[in-house]
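>>> okay, here's the prediction I keep looking at, along with the sequence it came from:
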Amino acid sequence: MRWPRARFTVRRMMVVVMLLAVSIGGVQTWMRRVRFRDLATLYAAHEQRVREAVANGEANITQARDRLSELRRTGPVGEYNVNGRDVSFAEFVASRERAIARRVEMHDRNRAWLVYFSQQKGKYERASRAPWNSVEPDPPPPEPDPPPGPLIELLPSSASSTQY
C-alpha cells in the first residue's frame, strides 16, 4: 500500500510556517517568563537580606547611642583603649561618635539598597506575569560599586557588649 503523495501548495506551506512561528514565539515567551521570574526571586532574596540588616542596624545604632549617652553620664572611669593604644576619655568618646556615624552612614546606604531591590523585585514580578511586554532598563544602583558580602557592618552581640 502506497502513501498518498503530499502536495506542497502555497496554503499548506503558509500553515507550516505559521505553526513554526507560533511555536518559536511561544518558546521565547516562556524563556523570558522564566528569566524574569528568576530575577524577581533573586531580588526578593536580596531585599529580605537587606531588610533584616536594616532592622538590625536600627537596633544596633539605638543601642550604641544609649551606651554612649550612659558613658557620658557616668563620666571617665578607668583607662580607655582605642585600636590598642591608650587614649583620653574625650578621644574615646570621639571615637565612639565616629563609629556611630559610620553605622548611620551604612544604615542609610542599606535603606537605599532596600528601596532599589524592592523596586527591581516588583518590576520583574510584573514582567514575569506579562513576558510579551517590553521591560524598561534597570536604573543605576544606589552607589557605583556595591560593597562585597553583607551590606551592613554589624558586630556580633557578644562583641558589641564588650566595647566599653
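Yep, it's here.

>>> where does Asp86 land in three-state SS?
Under DSSP: H, G, I helix; E, B strand; the rest coil, Asp86 falls in the strand class.

>>> quick one: it from Tyr80, how far?
7 Å (C-beta to C-beta, to the nearest Å). Yep, even glycine has a C-beta here, placed from its N, CA and C like the rest.

>>> so between the two, which is more surrounded?
Tyr80 (19 against 10; other C-beta atoms under 10 Å).

>>> tell me the contacts of the more buried one?
86-89, 91-92 (C-beta atoms under 8 Å, 6 or more residues apart in numbering).

>>> in this structure, which spans are strands?
80-82, 85-87 (DSSP state E).

>>> how about the residue positioned nearest the centre of the chain, nearest residue that isn't a chain neighbour?
Central residue of the chain (C-alpha atoms, centre = their mean): His46, 3.5 Å from the mean position. Leaving aside its sequence neighbours, His46 sits nearest to Phe117 (C-beta to C-beta, 6 or more residues apart in numbering; 4.5 Å).

>>> and if you look at Gln119?
Closest residue to Gln119 apart from its sequence neighbours, by C-beta to C-beta, 6+ apart: Pro139 at 7.6 Å.

>>> and that neighbour, how many neighbours does it have?
By other C-beta under 10 Å, neighbour count at Pro139 equals 10.

>>> lowest-confidence helix or strand of this structure?
Lowest mean confidence among the helices and strands of the chain (mean pLDDT, DSSP states H and E): helix 157-160, at a mean of 40.

>>> which ones are touching Val104?
Val104 is in contact with Ile61, counting by C-beta under 8 Å, 6+ apart.

>>> how close does it sit to Ser118?
Taking C-beta to C-beta, one finds Val104 at 21 Å from Ser118.

>>> tell me what the longest helix anywhere in the chain is packed against?
Counting residues, the longest helix found in the chain (DSSP state H) is helix 10-74. If you count contacts as 3 or more C-beta pairs under 8 Å, 6 or more residues apart in numbering; DSSP states H and E, helix 10-74 packs onto helix 89-129, helix 157-160.
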